[in-house]
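Undergrad: Compute the structure for the input listed below.
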Amino acid sequence: MMPLKTFKTLASSGIEIPDDSPLGCLLQHWNAGNFGQELSKRKLIDFCNNVWPLYEPDGMQWPRNGTLNPDIITPLMHFLQSNEKWDEIPYLDLFYYLKDKPEWQKECGIMVLKTLKVNCEGCKGWQKEKECSVRFSEPEEDVSLLVAPSAPPIEERDSGESMPGVEREGREAKVETTDIPRTPLSERTRRGRWEVERKKKEESAHLMVPLREAVGPQGERVIVKVPFSPNDLLIWKQSAGAYREDPERTARVVKMVIKTQNPDWNDLQVLLDTIMDSTEKEMVFKAMTEKAREMIRLRLVDGTVNDLVPREDPEWDPNSTSGSRRLKAYQELLTEGIRNGIPKTLNWTKLYSVRQEKNESPSTFLERLKETARRYTNLEVEGESGKLQLALIFMGQSQEDIRKKLQKLEGEDTRNLDKLLEVAWKVYNNREKETARKQQATMLAALQQVAGNNM
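TA: You can find the predicted model right below:
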């Protein structure tokens, strides 16, 4: 257990976020989850503690600092979808992600009760299975189907050994099942399906579902597939928007799906067919091919273009090191191909015309600047030079009260985007206090004038 600490939100000055809350846990693991490339901490805090509690979909109020209760998360997800709040959906999805991250929950001290149907110690003596509540803090954990959102890192896998195959329902393949007992979990492993299909050399439809890591009955790591739901695909399609209009937005959505679902080659084709048309898909493949040729020319990778960008299912084995690496490289090429598939027309005027609106938060304004820069310029917004240029634009195009405060900064602070954002938030949060103070001063002056006239 890591030492208890709290996060202070700039969006709600003076309000602390406990690290043993779902929101605090996500903030602690922000870098570990690599969320910062697509999402903003301040937006997450603002949505979680200021926006979502106001919605109350189906009478379920969102609690401050978040929840892992699917009975609250799911109605809110449906509400966001039906009201076309696509920018908020990826942030809510983080709470689903955390729900399937028990190791993070343990580190943060979130005590989550998981109800499992098991024959545990507390059930002995009963004539039938009972539901036993298992607490993460208890010494005995029976979590034979503990699914995490992604496959294990390559270095943690066994590169030389493969998992014994298992029979799939409706097939008579003879495979070894000595080491792993026949369980519902073992029958769903990707390795089992892959071995059976390879040995039988049968042509069959692949399950269009993402890879996920699970812990088997004996504590071993296994790879399973959990189906995409039609609702998932619909949400991703709507979140991605029109590809030709905003390739960067589409790329961010695909990257988030890859990060949280770890889809294989077939899954990615289903995703592409969902979010873009055939012409757009060919444009993406063309960009991927050009990038692959460049990587081969620079000797950054081995193999041919077809090895890196296969047009037919390569049947990479996710349980082998080489197969997993091939899939990872393909996922990265795909994200890059989506980002560069549509030729970008440079228009710096668009960036310099973005002004902060009166009631717009500093974080939202900065995100608009970044989004415009990605879409209309060749500025690397996450690079040092890009941050420096954004800092100058942020300072010059903020609201007047914020701009005056920022212009009082000196030295390195004037070029530090994080510092500028911090100061901007303080001004933004103090607006109401300043307005109230001025109103009180005006009323006091008026009363004093009336009193003076009556003397």
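
Undergrad: Regarding this protein, what is its longest helix?
TA: Counting by DSSP state H, the longest helix found in the chain is helix 431-454.

Undergrad: Could you check how far that helix is from the centre of its chain?
TA: Here helix 431-454 is found 49 Å from its chain centre; the criterion is CA atoms, centre = their mean, to the nearest Å.

Undergrad: In CSV, list the C-alpha atoms belonging to it.
TA: Below are the C-alpha coordinates for helix 431-454, written out as CSV (Å, rounded to 0.1, in the frame of the first residue of the first chain):
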residue,chain,number,x,y,z
ARG,A,431,-13.9,35.4,-10.4
GLU,A,432,-17.0,34.7,-8.3
LYS,A,433,-15.3,35.9,-5.1
GLU,A,434,-14.1,39.0,-6.8
THR,A,435,-17.6,39.7,-8.2
ALA,A,436,-19.1,39.3,-4.7
ARG,A,437,-16.5,41.5,-3.2
LYS,A,438,-17.2,44.3,-5.7
GLN,A,439,-20.9,44.0,-5.1
GLN,A,440,-20.5,44.3,-1.4
ALA,A,441,-18.2,47.3,-1.9
THR,A,442,-20.7,49.0,-4.1
MET,A,443,-23.6,48.4,-1.7
LEU,A,444,-21.5,49.7,1.2
ALA,A,445,-20.6,52.8,-0.7
ALA,A,446,-24.3,53.4,-1.6
LEU,A,447,-25.3,52.9,2.1
GLN,A,448,-22.7,55.3,3.2
GLN,A,449,-23.9,57.9,0.7
VAL,A,450,-27.5,57.5,1.8
ALA,A,451,-26.4,57.9,5.5
GLY,A,452,-24.4,61.0,4.6
ASN,A,453,-27.4,62.6,2.9
ASN,A,454,-29.6,62.0,5.9
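
Undergrad: In space, not sequence, find me the middle residue of this structure.
TA: residue 256 (5.0 Å; CA atoms, centre = their mean).

Undergrad: List the residues that contact that one.
TA: Going by CB atoms under 8 Å, 6 or more residues apart in numbering, residue 256 touches 38, 90, 93. C-beta coordinates here come from the backbone N, C-alpha and C atoms, glycine included.

Undergrad: Counting neighbours, what do you get for residue 450?
TA: The tally of other residues near residue 450 (other CB atoms under 10 Å) stands at 9.

Undergrad: And residue 44, by the same measure?
TA: As a burial measure, residue 44 scores 25 neighbours (other CB under 10 Å).

Undergrad: Now do the same contact list for it.
TA: By CB under 8 Å, 6+ apart, the contact set of residue 44 is 23, 26, 27, 91, 94.

Undergrad: and the closest residue to residue 355 other than its chain neighbours, what is it in contact with?
TA: Nearest non-adjacent residue to residue 355, counting by CB to CB, 6 or more residues apart in numbering: residue 397, 5.2 Å away. Residues counted as contacts of residue 397 (CB under 8 Å, 6+ apart) are 352, 354, 355, 356, 369, 403.

Undergrad: Which ones among the residues you listed lie within helices?
TA: 352, 369, 403.

Undergrad: what's the nearest residue to the last one if we skip its chain neighbours?
TA: Read that as residue 403. Residue 403's closest residue in space is residue 395 (CB to CB, 6+ apart), at 6.6 Å.

Undergrad: Provide the secondary structure category for that neighbour.
TA: helix (DSSP: H, G, I helix; E, B strand; the rest coil).

Undergrad: So it is in contact with residue 414, correct?
TA: Yes: contact criterion CB atoms under 8 Å: residue 395 and residue 414 qualify, at 7.1 Å.

Undergrad: Compare the two (neighbour count), which wins?
TA: residue 395 (20 against 15).

Undergrad: ok, that one to residue 424 distance?
TA: Computed with CB to CB, to the nearest Å, the distance linking residue 395 and residue 424 is 9 Å.

Undergrad: Give the intersection of the neighbour lists for these two.
TA: Residues touching both residue 395 and residue 424 (CB under 8 Å, 6+ apart): residue 406.

Undergrad: which residues do residue 395 and residue 414 both contact?
TA: 406, 420.

Undergrad: Output the below-cut-off pLDDT ranges for the protein.
TA: Within the chain, the set of residues satisfying pLDDT under 70 comprises 1-15, 111-227, 454-455.

Undergrad: Pop the domain breakdown of it in here.
TA: Domain assignment for the chain by automatic domain parsing gives 6-114, 115-120+131-169+180-225, 239-340, 348-432.
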